[in-house]
Every structure is written in C-alpha cells, then in structure tokens.
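*Asks:* got a sequence here, can you model it:
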Amino acid sequence: MRWAALLLLLGCSARRTEPIAGPLVLDDEAARGERVFMQNCHSCHPFGEGGLGFSLNDKPLPGFMIRAQVRTGFGVMPGFDEQQIPREDLDALVVYLRRLRKHG
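*Replies:* Presented below is the predicted three-dimensional model:
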C-alpha cells in the first residue's frame with residue numbers, strides 16, 4: 001500500500017514548461033469578460049494561448065487597440081459588431097485579457 005502511494009506521488013509532478021501561478025482570481029467585471037471570451041474567442045485562442053489564432057497572453061496591446069481589433073477583425077479573425085459583443089461586454093473582455101496576461 002505504501003509503495004502504491006509513493007508511486008502515485010512520484011508520477012504526479014508539475015510540467016516543467018508551465019509556470020505554477022495559482023488560480024486566476026476574477027472580480028465581477030473580469031468574470032463577465034471571461035464569459036464573453038469563452039463564447040467568442042476561446043475556440044481560436046484557447047485560454048489566451050495560440051491555436052487557430054495568435055496567442056493573446058503575450059500581446060501588451062492597450063485597451064483601445066484590443067477593442068479596435070475585436071470590432072474590425074484582422075486577417076482571418078472576424079470582426080464582432082456591437083450586436084454580437086455589446087460595448088459593456090467588450091470593456092469586460094479587455095479587463096479579462098489584461099488579468100489573463102498578468103497572471104502568467
């Protein structure tokens with residue numbers, strides 16, 4: 001029994017390529033931004049990483065540029081108009097992306 005527990009502990013270790021940053025703590029606005037992200041962005045930018053789209057976690061863009069890119073699109077990225085992502089939700093999305101970037 002002790003050997004099984006020891007083997008289990010030895011087999012469960014953090015991956016060296018991923019920093020351990022702990023859980024991302026979100027206030028109400030950032031949590032709303034996370035919901036907007038998961039509905040509209042996650043499929044191409046999973047958890048802010050590169051996927052079908054570029055990584056967002058390493059792009060230190062100011063908020064106005066993030067808003068402009070979301071509204072107009074870029075390359076194969078579609079633009080999202082005010083009916084798809086209302087202004088308040090877009091503001092919350094920017095807050096979430098900033099928290100995600102700072103989280104590491």
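*Asks:* report all helices and strands that the lengthiest helix in the chain contacts.
*Replies:* Secondary structure of the chain per DSSP state H: the longest helix is helix 87-103. The contact analysis (3 or more CB pairs under 8 Å, 6 or more residues apart in numbering; DSSP states H and E) places helix 87-103 against helix 28-40, helix 63-72. Glycine gets a C-beta too; all of them are placed from N, C-alpha and C.
*Asks:* outside of it, which residues touch it?
*Replies:* Applying CB atoms under 8 Å, 6 or more residues apart in numbering, the contact partners of helix 87-103 are 21, 24, 26, 29-34, 36-37, 41, 47-48, 56-60, 63, 66-67, 70-71, 80, 85.
*Asks:* got the contact list for Leu56?
*Replies:* Counting by CB under 8 Å, 6+ apart, Leu56 makes contact with Cys41, His45, Gly48, Glu49, Leu97, Leu100, Arg101.
*Asks:* buried ones in the longest helix of the chain?
*Replies:* In terms of neighbour count (16 or more other CB atoms under 10 Å), helix 87-103 has its buried residues at Asp89, Leu90, Asp91, Ala92, Leu93, Val94, Val95, Tyr96, Leu97, Arg98, Arg99, Leu100.
*Asks:* kindly report the same for stretch 42-53.
*Replies:* Buried positions in stretch 42-53, judged by neighbour count with 16+ other CB under 10 Å: His45, Gly48, Gly53.
*Asks:* tell me who's in contact with the last one.
*Replies:* Going back to what we said before, that points to Gly53. With contact taken as CB under 8 Å, 6+ apart, Gly53 is in contact with Cys41, Cys44, His45, Val76, Met77.
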